[in-house]
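# Sequence below, structure please.
(chains A and B)
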Amino acid sequence: MYQFDYARAESVDQAAQRLSDGAQLLAGGQTLLASMKQRLTQPEALLDLGDLSDLVGISEEGTSLVIGAMTRHQQVATDQRVLHKLPALAHLAGGIGDKQVRAMGTLGGSVANNDPAACYPSAVLALNATVITNRREIAADDFFQGLYATALEPDELITAVRFPVATRAAYAKFKQPASRYALVGVFVAQTAQGVRVAITGAGNGVFRHQGLEAALDSQFSPEAIAHVDIDDSELSGDLHASAAYRGHLIKIQTQRAVITAIGNAPT
Amino acid sequence: MGSNDFAKLPHIGESVLRKEDERFLTGVGQYTDDIQLNNLVHTVFVRSPYAHANIKSINKTNALAAPGVIAIYDGQDVLQDKIGGLPCGWLITGTDGQPMKEPPHPILANGKVRYVGDHVAMVIAETLEQARDAAELVDVDYDALPAIADVRDAKLAGSPTLHEEATDNHCYKWSIGDKGEVDSAFEKAAHVTKIDLVNNRLVPNAMETRAAIGCYSRASDEYTLYVSNQNPHVERLLLTAFVMGLPEHKVRVISPDVGGGFGSKIYLYAEDVCVTWAAKKLNRNIKWVADRTEAFLSDAHGRDHVTHAEMAMDKDGKFLAFRVQTDANLGAYLSTFSTAIPTILYATLLAGQYTTPQVYVEVDAWFTNTAPVDAYRGAGRPEATYLLERIVSRCGWELGLSQEEIRRRNFITEFPYQTPVALQYDVGDFPQCLDKATALADVAGFEARKEASKAKGMLRGLGYSSYIEACGLAPSNLAGALGARAGLFECGEVRVHPTGSVTVFTGSHSHGQGHETTFAQVVAARLGIPVENVDIVHGDTGRVPFGMGTYGSRSISVGGSAIMRAIDKIEAKAKKIAAHLLEASDTDIDFANGEFTVKGTDKSIPFAQIALTAYVPHNYPLETLEPGLNETAFYDPTNFTFPSGTYICEVEINPETGETRVDRFSAADDFGTIINPMIVEGQVHGGLAQGIGQALMENCVYDRETAQLLTGSFMDYTMPRADDFPEFKIDHVCTPCTTNPLGTKGCGEAGAIGSPPAVINAVLDALAPLGVKDLDMPATPLRVWQAIQSAKA
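You can find the predicted model right below:
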């Protein structure tokens, strides 16, 4: 690790100010600290959001769940409201990393980082969630902009994410064998605006798939997507999966998610 | 005492809880990095980012000016101080009668780097972070050269050359067996089965990374090296006699608690020499601890063979001859025992459990721009077992014989058995191991389970592996004739204290194996005293007389036997003391359960009283017997030991995705006498995890063009986790080893040796209905899926 200054934020406004001055936010640190230890990243100043209790917690707002940006994965995974209203989201959170990661990692940290193989961005995108910042609200479709890029301005930080409750939803992650990040993760949600399918791990960042969505809109069943064409020309290929294999897995994981979503539906 | 009597003693076969676990579990273990010394500074190595490059210049100016920097050394400083390169401990003589090519292995690069991670300079600073910061400021100007990563590329005409001493990158061609006999047997064969396979390269990844602290005392002109190492006396011998030209009595090597080795900590590494050398130059104690990236880059790797083999059979499936050609990747330099692994420890095991009358093995060893390759849990025997058990299974499939039948028709059943590849097996019961494994695995219920899987759209397969391996490499004179540059005995000193407690000094080293418990059980059983009264000291050349260390599953059979010999001497002397006290002849004294008795009488005296008498010799035969009760023995075995067994793996595969799950794994091993069943079970579990890990997950990949390490962290190198495995089913057969007094054979590596072919055979059995005939390790989801797609096409 290189030398850096460390401070704990006292308020969101102060954090925004420090952020615009060049500080890096520490929101759990499960990616950031590991990168710093390996000297892959070199922030001069870290601002720890750990004391901002306003950013922690889960509440209901009409038919939505609002989850504070500093809410840990473990809390989302075990919260009774999430388990009841959006079990797919609780399941996703419970499958991130290991117990130590889930105890420290946060929703806001994951969404702001937008790792192309992270789990949370797929839920935000598929559930048509709204990212709430210190300045505005950003629709999920506008928020994610490819590999580690988001719509966040230099002095903007996520305070919460509002997830509309879906009719049916599920997340199916095919784990990269070594890291256990998503080799291909598919979040399927049947929402008021129709079926949304968000895919993580397979490309340059989380993305939706129109062909799968259209097929599932016409019939919400695993069979419905049997003949959907997955174009793998833009998908990632690496040691763990060729683009063709990822394309194949997108279909398989979508089917698995649909089967789970049908089982997840409130009876 | 013979092994049968030994096995009946109290504490033998008892799962005594590990004495060492309290300190490990409560965080008070003392690993090298835990050791704090005065005057301690830190070092970081500048490593090559290129696989192959000439060093045009090294500019240290900015780095030397950085805060806290004490010194920066490079290859020129090493040359000036006349510090030698790292030696290779095993000389292989080629089929042409010439010695292997043995290029220099400098501790800091001398004008050229030959793999990513090669040592270029050492930066010493007051703090670790200062050393790291300064290391980034060392400006090395490289002239990059084309590189070779894959052993199949090393031999191609026009390939880049690593070493002037081996312009064709060829280290040696070595062979064993009678080629003429083998070739003529093939001409008469009714059937020939062929196979081509790759034994994938692995990164050892002990939990504790390598670490070393070099110390020097001006007062005594003595060095102390703390190092995370498996054999401190060998480390000292190589360091002093071969590299630094120091007298051994001026160097003490301490291997304190060591968090796993798996072979990777047998060797003398450049960093160990560097910290020792620099400690005197600077009069500072210098600590180095590898981070995980350095471990991936610079620990000696394992395996990496490419092999073609053919088995000749008669019409009934009896093996007539086995012919093998292997290309072995040695990496960029010769690590300490690298040259023996694909030869002595590999080819000699290729008779396996079978009566194959003729075996011919030819091995070509090559240099490539990759980390050095050396022994890793199993060391040659996993490569042999994987090859043999893959081809044996294929023989069965091709002839339409069941996996059990092809093995039973060829099993060796009479002992001792002289193989055609030098080894003589003393004892074993291969059919019984197979029987036990098939019972454990419920092979009878397999078809029903397969049908149940099929109903879910899944494939299920059963894979066998009947392995034999050789532990406790021996005897020293034979090993010497085969090229070993070290002895292969072991030393044990048994010190009985005046009150009857005992400290044992063993040349074996425990880095997870539990010697402090198992060895204490041996001593307690022999002397009839509680296990708590016995302490085992290891890992310190200043306290232990001598030792060859721990590798090749040799500790109990060789180290334990040395302790047995020392106890024989203790017992003989104690009998003389008892005879004096009991006024009898020492030939009339019996010793059992801690009591010395006069035959045929009720006169007896306890062991503790003999101990006290030895140190308070008031009533003592001083004119014929020295006081004290402290004996040392050196034990050189007459033969290897031969653990064997049959493993059966059952996998379930999702043909849609290639996901492969080990549903059942059954292991029936013959380790001879078992002293602590709990520890043996733990060793088997660990070995199976590593072997199944190799078969399904682990793979060290270098880019074939650039020789950059692509799997340089746990993000890309798949270490197996507990949830990757089912509950292992384990059972034992016991045919005691006939060549050591314990009857033990060793259990540390068997799991890693026997399991990979069982897994791959199971995968191939499952995929057979889809037309898949071949698959290389690791059978990752991607590879299995691709194999299925290729078979469809």
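
# what's the pLDDT at residue B:125?
On pLDDT, residue B:125 comes in at 98.

# residues contacting it?
B:41-44, B:66-70, B:131, B:133-134 (C-beta atoms under 8 Å, 6 or more residues apart in numbering or on different chains). C-beta here means a position set from N, CA and C on the backbone, and glycine is covered the same way.

# Let's see that with 10 Å instead.
Neighbouring residues of residue B:125 by C-beta atoms under 10 Å, 6 or more residues apart in numbering or on different chains: B:41-44, B:63, B:66-72, B:131-135.

# got it, and residue B:791?
B:767-774.

# Now with 8 Å, please.
Applying C-beta under 8 Å, 6+ apart to residue B:791 gives the contacts B:767, B:770-773.

# re the thing from before, make a PyMOL selection of the buried ones in the contacts of residue B:125.
Buried residues among those (16 or more other C-beta atoms under 10 Å in any protein chain shown), as a PyMOL selection:
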select buried, chain B and resi 41+42+43+44+63+66+68+69+70+71+72+131+132+133+134+135
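
# hmm, back to that, how about the contacts of residue B:791 in JSON lines, adding pLDDT, distance to residue B:595 and neighbour count?
What follows is the contacts of residue B:791, written out as JSON lines (pLDDT from 0 to 100; distance: C-beta to C-beta, whole Å; neighbours: other C-beta atoms under 10 Å in any protein chain shown):
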{"residue": "B:767", "pLDDT": "98", "distance to residue B:595": "63", "neighbour count": "25"}
{"residue": "B:770", "pLDDT": "97", "distance to residue B:595": "68", "neighbour count": "15"}
{"residue": "B:771", "pLDDT": "97", "distance to residue B:595": "70", "neighbour count": "11"}
{"residue": "B:772", "pLDDT": "98", "distance to residue B:595": "66", "neighbour count": "21"}
{"residue": "B:773", "pLDDT": "95", "distance to residue B:595": "66", "neighbour count": "13"}
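
# quick one: which two of these are the most distant?
For the contacts of residue B:791, the farthest-apart pair by C-beta to C-beta is B:770 and B:773; their separation is 10.0 Å.

# so how many other residues sit close to the closest residue to chain A within chain B?
Nearest residue of chain B to chain A (C-beta to the nearest C-beta) works out as residue B:718 at 4.0 Å. Other residues within reach of residue B:718, judged by other C-beta atoms under 10 Å in any protein chain shown, total 23.

# what does residue B:454 give?
Residue B:454: 12 surrounding residues under other C-beta under 10 Å.

# didn't it look like it was pressed against residue B:460?
Yes. Applying C-beta atoms under 8 Å, one finds residue B:454 in contact with residue B:460, separated by 7.5 Å.

# how about residue B:239, phi and psi?
phi -60, psi -40 (degrees, to the nearest 10).

# Which residues of chain B lie near chain A?
Residues of chain B found near chain A (C-beta under 8 Å from any C-beta of the partner chain) are B:129, B:132-133, B:136, B:293, B:656-657, B:697, B:701, B:710-711, B:714-719, B:780-782, B:785-786.

# Tell me the buried residues within these.
Listed as buried from these are B:129, B:132-133, B:293, B:656-657, B:697, B:701, B:710-711, B:716-718, B:780-782, B:785-786; burial here means 16+ other C-beta under 10 Å.

# Tell me which entries of these lie within strands.
Using DSSP state E, no member of these falls in strands.

# got the CA positions of the strand or helix carrying residue B:581 in PDB?
Of the helices and strands defined by DSSP states H and E, residue B:581 is found in helix B:560-582. C-alpha atoms of helix B:560-582 as PDB (Å, rounded to 0.1, in the frame of the first residue of the first chain):
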ATOM      1  CA  GLY B 560      10.400 -42.200  13.000                       C
ATOM      2  CA  SER B 561      12.700 -45.100  12.400                       C
ATOM      3  CA  ALA B 562      15.700 -43.100  13.400                       C
ATOM      4  CA  ILE B 563      13.900 -42.300  16.700                       C
ATOM      5  CA  MET B 564      13.200 -46.000  17.100                       C
ATOM      6  CA  ARG B 565      16.800 -46.800  16.700                       C
ATOM      7  CA  ALA B 566      17.800 -44.200  19.300                       C
ATOM      8  CA  ILE B 567      15.200 -45.700  21.600                       C
ATOM      9  CA  ASP B 568      16.700 -49.100  21.100                       C
ATOM     10  CA  LYS B 569      19.900 -47.700  22.400                       C
ATOM     11  CA  ILE B 570      18.100 -46.000  25.300                       C
ATOM     12  CA  GLU B 571      16.400 -49.300  26.200                       C
ATOM     13  CA  ALA B 572      19.700 -51.200  26.000                       C
ATOM     14  CA  LYS B 573      21.400 -48.800  28.300                       C
ATOM     15  CA  ALA B 574      18.500 -48.600  30.700                       C
ATOM     16  CA  LYS B 575      18.400 -52.400  31.000                       C
ATOM     17  CA  LYS B 576      22.000 -52.300  32.100                       C
ATOM     18  CA  ILE B 577      21.100 -49.700  34.800                       C
ATOM     19  CA  ALA B 578      18.100 -51.800  35.800                       C
ATOM     20  CA  ALA B 579      20.200 -54.900  35.900                       C
ATOM     21  CA  HIS B 580      22.600 -53.200  38.300                       C
ATOM     22  CA  LEU B 581      19.800 -51.900  40.600                       C
ATOM     23  CA  LEU B 582      17.900 -55.200  40.500                       C
END
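
# so after it, what's the next helix or strand?
Remark: after helix B:560-582, the chain's next helix or strand is strand B:589-592, criterion DSSP H and E.

# So in that sheet, which strands flank that next one, and in what orientation?
Each strand paired with strand B:589-592, and its direction, by DSSP bridges: strand B:595-598 (antiparallel).

# neighbouring strands for the helix or strand following the strand it pairs with, and are they parallel or not?
Counting by DSSP H and E, the element after strand B:595-598 in chain order, helix or strand, is strand B:604-606. With DSSP bridges as the test, strand B:604-606 is paired with strand B:595-598 (antiparallel).

# residues making contact with the partner strand?
Against strand B:595-598 from outside (C-beta under 8 Å, 6+ apart): B:528, B:574-575, B:578, B:582, B:584, B:588-591, B:603-607, B:610.

# what are the ranges of the strands in the stretch 351-500 of chain B?
Listed in chain order, the strands of the stretch 351-500 of chain B (DSSP state E, counting those that start in this stretch) span B:358-366, B:417-418, B:424-425, B:459-468, B:490-496.

# got the ones you listed as JSON lines, with mean pLDDT, mean neighbour count and distance to residue B:553 columns?
Listed next are the strands of the stretch 351-500 of chain B as JSON lines, based on pLDDT from 0 to 100; neighbours: other C-beta atoms under 10 Å in any protein chain shown; distance: least, C-beta to C-beta, whole Å:
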{"stretch": "strand B:358-366", "mean pLDDT": "98", "mean neighbour count": "24", "distance to residue B:553": "22"}
{"stretch": "strand B:417-418", "mean pLDDT": "98", "mean neighbour count": "14", "distance to residue B:553": "20"}
{"stretch": "strand B:424-425", "mean pLDDT": "96", "mean neighbour count": "18", "distance to residue B:553": "16"}
{"stretch": "strand B:459-468", "mean pLDDT": "98", "mean neighbour count": "27", "distance to residue B:553": "13"}
{"stretch": "strand B:490-496", "mean pLDDT": "98", "mean neighbour count": "26", "distance to residue B:553": "13"}
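
# For residue A:114, which of these is the nearest?
Once the strands of the stretch 351-500 of chain B are compared by C-beta to C-beta, strand B:459-468 is nearest, at 37.9 Å.

# from the middle of its chain, how far away would that closest one be?
Distance of strand B:459-468 from the chain centroid (C-alpha atoms, centre = their mean, to the nearest Å) equals 24 Å.

# With adjacent residues omitted, what lies nearest to whatever residue of chain A ends up closest to chain B?
Relative to chain B, the nearest point of chain A is residue A:178 (4.0 Å; C-beta to the nearest C-beta). Nearest residue to residue A:178 in three dimensions, chain neighbours excluded: residue B:718, at 4.0 Å (C-beta to C-beta, 6 or more residues apart in numbering or on different chains).
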